[in-house]
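Peer 1: sequence isn't available, so here's the structure alone:
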């Protein structure tokens, strides 16, 4: 039995699709922060069979919920204060995201004007499709586009 101690202040990301925790770790830029991070891969799950879990001890305001929602809006975000869960946040797909997905269209203005922000707009909520605000290029559903 694996035992990872509780954290005093931070967040626990639960129900991450098995194998996706390292992607989330990098997209949240946790490697750039000076905080304690526990990555649990392939934990047993009654709902999914297997899941990943991230435990991060740091200020909750460092968490970009939009990035998490785009990666997987089914992730459970547990906010921890004084060693206890004080809030569970539900992720919803953001209507617009900035500098999370990069446009792959070579003719897009963002390819020429490097300082322009990469802005994607949710065009189909049911299919979770985002399109570039400038050229309407469809974003792929894989994290390789980020």
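Peer 2: Everything's here; your move. On a predicted model such as this, the values are computed, not experimentally measured, just so you know. Residues are numbered from 1 along each chain as shown.
Peer 1: show me where pLDDT drops low in this protein?
Peer 2: In the predicted model of the chain, residues 1-3, 141-146 satisfy pLDDT under 70.
Peer 1: give me the most central residue, it.
Peer 2: Nearest to the mean C-alpha position of the chain, counting by C-alpha atoms, centre = their mean, stands residue 68 at 2.2 Å.
Peer 1: distance check, it against residue 113.
Peer 2: 28 Å (C-beta to C-beta, to the nearest Å). Quick note: C-beta positions are derived from backbone N, CA and C, even for glycine.
Peer 1: before we move on, what about residue 48?
Peer 2: 42 Å.
Peer 1: and the strands in this structure?
Peer 2: 9-17, 36-45, 49-57, 76-81, 84-89, 96-98, 119-124, 129-132 (DSSP state E).
Peer 1: and the longest one, which strands flank it?
Peer 2: Strand 36-45 has these partner strands in its sheet, going by DSSP bridges: strand 49-57 (antiparallel).
Peer 1: how about stretch 34-54: buried residues?
Peer 2: The neighbour-count check on stretch 34-54 (16 or more other C-beta atoms under 10 Å) flags 37, 39-40, 43, 51-54 as buried.
Peer 1: isn't the residue nearest to the centre of the chain right up against residue 89?
Peer 2: No - using C-beta atoms under 8 Å, residue 68 makes no contact with residue 89, being 9.1 Å away.
Peer 1: mutual contacts of the two, please.
Peer 2: Residues touching both residue 68 and residue 89 by C-beta atoms under 8 Å, 6 or more residues apart in numbering: residue 77.
Peer 1: now residue 27: closest residue in space that isn't a chain neighbour?
Peer 2: residue 67 (5.2 Å; C-beta to C-beta, 6 or more residues apart in numbering).
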